[in-house]
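Peer 1: Sequence and computational prediction follow.
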Amino acid sequence: MTPYFSLVLHAHLPYVLHEEPDRLEERWMYEAVTETYIPLIWGFEKSTSDTRYTLSISPPVLEMLANELFQERYLQYLDRTLELLEKEQVFTEVEEELDVIQFYYNRFKKIKQTFMEWNCNLISAFRYYVQEEKAECITSTATHAFLPYIQTEQGVRAQIVYGLQCFEHHFGFKPDGIWLPECAFTPGLDKILYEEGVRYTFVDEETVRTLEPKPDNIHAPVYSPHGIVLFPRRMDLSKKVWDSNVGYPGDYDYREFYRDVGYDRNHEYILPYIHPDGIRIDTGLKYHRITGKTDAKDYYRRNWALGKVEQHAKDFVRSIRDSFTGGREDGRQVLSLTSFDAELFGHWWFEGPEWIERLQAYSSQENIEWITPAEFVKRHHEELSTHHACFSTWGRNNYGEVWLNESNEWIYRHLHAMETELIKQFAEVDSSDAFNEKVLTQMTREWLLATSSDWAFIMDHETTSEYAASRTKEHIQAFYELNDILKDSSMGDDQIKYIEERFGFMNWLEPMNLSSEHDAYVISNPTYQEKRDGLNILMLSWEFPPMVVGGLSRHVFDLSKALVEQGHQVFVVTCAVDGYPEYEINQGVHVYRVKGSQPNHDDFYHWAGSLNLAMANLGRQLGSQISFDCIHAHDWIVSVAAKGLKHQLNLPLYVTIHATEHGRNNGIHDDMQAAIHHKEWELMYEAEHIIVCSAYMKQELEEVFEVPADKISILPNGVDPLLIPEIGGNEDWKHKYGHPDDFYIFSLGRVVPEKGFQYLIEAASMLRNDYPDIRFIIAGKGPLLEDYRKKVREYQLEDKVYFVGFVTDEERNQFLRQSDALIFPSSYEPFGIVAIEGMAAQTPIIVSDTGGLGDIVQHGKNGLKVFPGNAESIRDQIVALYNDPELGERLVQAASEDVNTKYNWTEIAVKTTEVLSGAVKKPKTVGVK
Amino acid sequence: MIEEIIALKERGFTLKEIANELDLSVGKIQYRLRKERMIEEKKIVPKQFYRISREIPTAYKLDRIVALPQNPLCIYAYWDIQSTTQHMISHQFTKPWRELRKKLRVYDVSDLQFNGHNSHRFFDIQLPEMTNNWFIRNLEENRTYIVDVGVGSEHCDFFTIVRSNPIETPRSGPSQGRHEEPVKRWQSGDLETPEWHEQFSTYSVYRLLK
């Protein structure tokens, strides 16, 4: 069997070509071209297609190679170096040194010749050797971003797509493989790669070592879950090349990297060849060999070095053979793949390119089959197994430590903010506008340039990290400068042009719109209408149907519907209910249901706080799309969101207070009650105007909170008569409790003390002898239900008083409609919606003269009143009604009148609109004109 | 030679024609022309290069916490809580923001649908004032974590302000597969998305709107 071997080189430098000349970092590119890229081209010239290998050239390198400014400056650099070499030949008096100078002189002449042969654009050379099938070229992501540290799916996709586009722009075809910057893989990355047409990439051996399920052989390429072929590099072989202790490049006969003529000559002599400011720098002329672990270096001897190249190439070929234990190990096709930074060859290991040439030559002799990853995939794609690969890189310790540590963590908050801001601008700005498109394109470029993995990498090295930090900042600043321009287009095209010219990167870029499908949909299909005559109302209520705890839910829904009917748009933000949609339009009302981060918080106060943060988040997003006229909040539970949104959206806040903590508890007795009491006070303080449902409630606010009387309007609760429809003649239910001709009195409510049901039991006891045909039916559940039932048995009233527990709406309506009287004997009732419902059911009502109930009923006119907590009073009024059927009829008629006017939602909505539109406001000044 | 090239160029010769005329390669002609242009440019007053005047943002009007994996035992998180949200928290706790105790809560949510309360386990990190990032160490490898920034008070152990994306710690060596069965089920082709956490999701500005 023939062992498979693949060599993959990755050529990459960050984009260091500044418009401004003489930037030191630009010389990285001169060195890479001189020492690596051109020598590799010489190698391709000599090689055959049998030993084709893969060269990944990153988009920044491609962009610099193709840039005319770079080409000019590079030629200038070559000329200056040749000039120095001519001077050096005269300068030296040492024969050994002269030999090396002569070697460099010839070499630089050849470099210049090659560069010019390819019309100063080396990409044409690479393209040529791809056509000749001597090289396989692929590329990397747009600016070599460390993909696992990009925040969004769109950001990762942009890096991949622009990388592929850059390659296609320069090579004329799209590669099917990609080099992941720093071999950094993370779950989900493969999905985006696959969607963008990539078929294979390269990972570290460690990535394969930690696969799940465990691979049969760590030298066999595998599929990632989304079908990308992952090629692991073979560590034992790779180490022979890059390991600083045991690797070939450390051989004493090889060229010494750290000894440069730029530092060796006197300052005046070398001045024209170093940085114009007189800073000594590497000239690239290095005359010594490594020699040994000594500072006394001997001169470089080219023929000795080439001798070692022979040896090391043979050794490597032998190692490939030795490591080969036969193909199809454990049924999987194995491959010895070694991958390196291209700049290792030539730049760090000066003789590296020659070593590759010799390796190619010996491989043929030794019958080692070179295979490109693309060819491997073609031949063996059916044999590969699929695995889950976790986050891993080829960096220190194989994870992210190089690119994320205390020295460089600060960059990510900025990079991510740019990324999401860019997505936001693509969603919001009309990018078909030429000016906007230009700005967005340049913002994209600045973000791309800021995300190069190189900046974090250099910061990790700590020394000389200034450039990396300043480049990162420069692109962040430019990005936000452009963002400002986007908002204020008074800035001209000139400014954009200047900003573009700083780097001249990816001039051909046509940006893709990064906004999500969701955002595009939300913006192009608003469910609301543009501003009309009516108000846009942001309604906050923790209760909304189907969630019904008290009367609040019904109130908010009925009010919202009535407001919608009058041409307003109402957006209710309320609490999520399992099984109900997050958004719906219910009878014209827009309903958003949200959930706090801690939807089961054990403390109701903080449960509400959590809900409020979620409401505020949604309110902010709604506010960015809809121009609201006001916020209408109901009760303290939504106070944090109400106050927050009032200030964030700069809107007037109106509040309806349905009940107070003070009223519910007959005073404030503990810390929690005090906290809620305080929230109520704050909510009223923040409100422009307050709505209450009864005079009783108004009085409470004035007395307990000292709210000025003119800040409060009384708008009663309404009732929708349709909700208590007329029932036909069938009164079968009465058989269950007595005779159909008996006198039935119905009540309903939560079975708690303040509803006063105990007094009904007492009154029944008083009536039993004189009025045996009076029967009580009480619907509702609550903590006292069993106590009351027991009491009924004790009083032997089982055939007079029935606590029926929960009833359906239908049953409730039947009781309301077909009873002879309704009674609500509460001791505390801020409003008492049931009384109005009773009135709507056209049945006479008897209520306690307390709270809202007392306001609703005028005794003897639309109902009857009893003293709260007084069974005799209850008995008396029942008897009065029992004995005077005409009284009942009069009461029902007057009550119906009230239901159709005072308690009609349309009427109430009209009055509410007056409040919400600011028409009802307290006088600004008090005094005489 | 450059004079000849320029003369021909001014007469309207293309580079190729000049090359033929003077028996030189096109590359050489381009090189000469470029060199000449550079000499000319040197004589011109040096260009003023554009300088960005905008400062790097010091604070973002965002509520966010973002978690990134560093290694099998460590994730990094940074966060921003904008001042309007700080005000709401102050309102909720009736205490100035700076007096509130800030904490991180780190939840292990591996293989579950996290609802805010059902993590396998969690632990809290008390944060020093003026902290906006943290390296969370001593985690377990091959687990999924979520990090909340929040505050705590006498009556409330922890109140969440913002919640991070879920993030997975990588494996440090060969492992008895948490993902082995999910990979098989995924391969069967019946699932629309794999069961494990994948790192990237589409960012929508208006994700809350419908």
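Peer 2: Good, I have the coordinates. Numbering: from 1, shown residues only, chains lettered A, B, ... in the order given.
Peer 1: only C-alpha atoms for contact and neighbour calcs from this point on.
Peer 2: Will do.
Peer 1: pLDDT weak spots in the chain?
Peer 2: The chain I'm using is chain A. Filtered on pLDDT under 70, chain A yields the residue ranges A:1, A:325-332, A:462-463, A:489-491, A:531-532, A:729, A:921-929.
Peer 1: Chain B is the one I meant
Peer 2: Counting by pLDDT under 70, the low-confidence segments of chain B come to B:41-47.
Peer 1: if you set the cut-off to 90 instead, what comes out?
Peer 2: Regions of chain B meeting the criterion pLDDT under 90 cover residues B:1-55, B:154-155, B:173-177, B:189-190, B:210.
Peer 1: How is it partitioned into domains?
Peer 2: Chain B breaks down by automatic domain parsing into domains covering B:2-43, B:64-174.
Peer 1: Just the helices from chain B, written as ranges.
Peer 2: Using DSSP state H, the helices assigned to chain B run over residues B:2-10, B:15-22, B:26-43, B:83-93, B:180-187.
Peer 1: Point out the most buried one among the ones you listed.
Peer 2: Highest mean neighbour count among the helices of chain B (mean count of other C-alpha atoms under 10 Å in any protein chain shown): helix B:83-93, with a mean of 20.
Peer 1: Tell me if it is near chain A.
Peer 2: Yes. Applying C-alpha under 8 Å from any C-alpha of the partner chain, one finds helix B:83-93 touching chain A at B:84-85, B:87-88, B:91-92.
Peer 1: Could you export the residues you listed to TSV, including columns for distance to A:Y795?
Peer 2: Formatted as TSV, those follow (distance: C-alpha to C-alpha, whole Å):
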residue	distance to A:Y795
B:T84	61
B:T85	59
B:H87	58
B:M88	55
B:H91	52
B:Q92	50
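Peer 1: These: which two are farthest apart?
Peer 2: Largest separation among these by C-alpha to C-alpha: B:T84 and B:Q92, giving 12.6 Å.
Peer 1: List phi and psi for the residue lying closest to A:Q598 once chain neighbours are set aside.
Peer 2: In space, and not counting its chain neighbours, A:Q598 is closest to B:G116: 5.1 Å by C-alpha to C-alpha, 6 or more residues apart in numbering or on different chains. B:G116 adopts backbone torsions of phi 100, psi -10, taken as degrees, to the nearest 10.
Peer 1: show me the contacts for the residue in the stretch 1-150 of chain A that chain B sits nearest to.
Peer 2: Using C-alpha to the nearest C-alpha, the single residue of the stretch 1-150 of chain A nearest to chain B is A:N119, 4.7 Å away. Residues in contact with A:N119 (C-alpha atoms under 8 Å, 6 or more residues apart in numbering or on different chains) are B:26-27, B:30.
Peer 1: What of A:V591?
Peer 2: A:V591 sits next to A:571-574, A:582-585 when contact means C-alpha under 8 Å, 6+ apart.
Peer 1: and the residue nearest to A:Q598, how many neighbours does it have?
Peer 2: B:G116 is flanked by 18 other residues according to other C-alpha atoms under 10 Å in any protein chain shown.
Peer 1: quick one on the thing from earlier: so can I have TSV of the contacts of A:V591 showing neighbour count?
Peer 2: Listed next are the contacts of A:V591 as TSV, based on neighbours: other C-alpha atoms under 10 Å in any protein chain shown:
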residue	neighbour count
A:F571	25
A:V572	27
A:V573	28
A:T574	26
A:E582	19
A:Y583	17
A:E584	15
A:I585	15
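Peer 1: Make JSON lines out of those residues and add distance to A:L535 and secondary structure.
Peer 2: Output for these, formatted as JSON lines (distance: C-alpha to C-alpha, whole Å; DSSP: H, G, I helix; E, B strand; the rest coil):
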{"residue": "A:F571", "distance to A:L535": "11", "secondary structure": "strand"}
{"residue": "A:V572", "distance to A:L535": "14", "secondary structure": "strand"}
{"residue": "A:V573", "distance to A:L535": "16", "secondary structure": "strand"}
{"residue": "A:T574", "distance to A:L535": "20", "secondary structure": "strand"}
{"residue": "A:E582", "distance to A:L535": "23", "secondary structure": "coil"}
{"residue": "A:Y583", "distance to A:L535": "20", "secondary structure": "strand"}
{"residue": "A:E584", "distance to A:L535": "20", "secondary structure": "strand"}
{"residue": "A:I585", "distance to A:L535": "17", "secondary structure": "strand"}
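Peer 1: Report the entries of those residues that also contact chain B.
Peer 2: A:Y583.
Peer 1: quick one: which of the contacts of A:V591 is nearest chain B?
Peer 2: Minimum distance to chain B across these is 6.6 Å, recorded for A:Y583 (C-alpha to the nearest C-alpha).
Peer 1: Pairing partners for the closest residue to the closest one other than its chain neighbours in the sheet, please.
Peer 2: Once flanking residues are discounted, A:Y583 sits nearest to A:Y592: 4.6 Å by C-alpha to C-alpha, 6+ apart. When assigned by DSSP bridges, A:Y592 has beta-bridge partners A:V573, A:Y583.
Peer 1: Contact partners for A:Y592?
Peer 2: A:Y592 sits next to A:571-574, A:582-584 when contact means C-alpha under 8 Å, 6+ apart.
Peer 1: hmm, 7 Å instead?
Peer 2: A:572-574, A:582-584 (C-alpha atoms under 7 Å, 6 or more residues apart in numbering or on different chains).
Peer 1: just A:E501 next, same as before
Peer 2: Contacts of A:E501 by C-alpha under 7 Å, 6+ apart are A:E19.
Peer 1: thinking again about what came up before, against A:N617, how distant is the residue nearest to A:Y583?
Peer 2: Note on A:Y592: its distance to A:N617, by C-alpha to C-alpha, to the nearest Å, is 12 Å.
Peer 1: One more: A:T338?
Peer 2: 51 Å.
Peer 1: next one: B:E17
Peer 2: Per C-alpha to C-alpha, B:E17 is found 69 Å from A:N617.
Peer 1: what do you get for A:V707?
Peer 2: Counting by C-alpha to C-alpha - A:V707 and A:N617 are separated by 30 Å.
Peer 1: helices or strands up against the helix or strand harbouring A:E481?
Peer 2: Using DSSP states H and E, A:E481 sits in helix A:466-487. Helices and strands touching helix A:466-487, by 3 or more C-alpha pairs under 7 Å, 6 or more residues apart in numbering or on different chains; DSSP states H and E, are helix A:434-450, helix A:453-460.
Peer 1: same thing but at 10 Å, please
Peer 2: The contact analysis (3 or more C-alpha pairs under 10 Å, 6 or more residues apart in numbering or on different chains; DSSP states H and E) places helix A:466-487 against helix A:410-428, helix A:434-450, helix A:453-460, helix A:493-501.
Peer 1: Please give the centre-to-centre distance between it and its chain.
Peer 2: How far helix A:466-487 lies from its chain's middle: 22 Å, per C-alpha atoms, centre = their mean, to the nearest Å.
Peer 1: Run the angle between that helix and helix A:410-428 for me.
Peer 2: 20 degrees (axes from the mean of the first three to the mean of the last three C-alpha atoms, to 10 degrees).
Peer 1: what comes up buried for helix A:466-487?
Peer 2: A:468-469, A:471-483, A:485-486 (16 or more other C-alpha atoms under 10 Å in any protein chain shown).
Peer 1: now swap in stretch A:662-673 and tell me
Peer 2: By neighbour count on 16+ other C-alpha under 10 Å, the buried set for stretch A:662-673 is A:662-663, A:668, A:673.
Peer 1: Go through stretch B:93-101 and flag the buried ones.
Peer 2: Quick answer for stretch B:93-101 (16+ other C-alpha under 10 Å): B:93, B:97, B:100-101.
Peer 1: Go through those residues and name the one nearest chain A.
Peer 2: B:F93 (9.0 Å).
Peer 1: Report the contact partners of the closest one.
Peer 2: A:605-606, A:609, A:675, B:87, B:100, B:151-153, B:155-156, B:159 (C-alpha atoms under 10 Å, 6 or more residues apart in numbering or on different chains).
Peer 1: and what of A:E703?
Peer 2: Contact partners of A:E703, counting by C-alpha under 10 Å, 6+ apart, are A:697, A:709.
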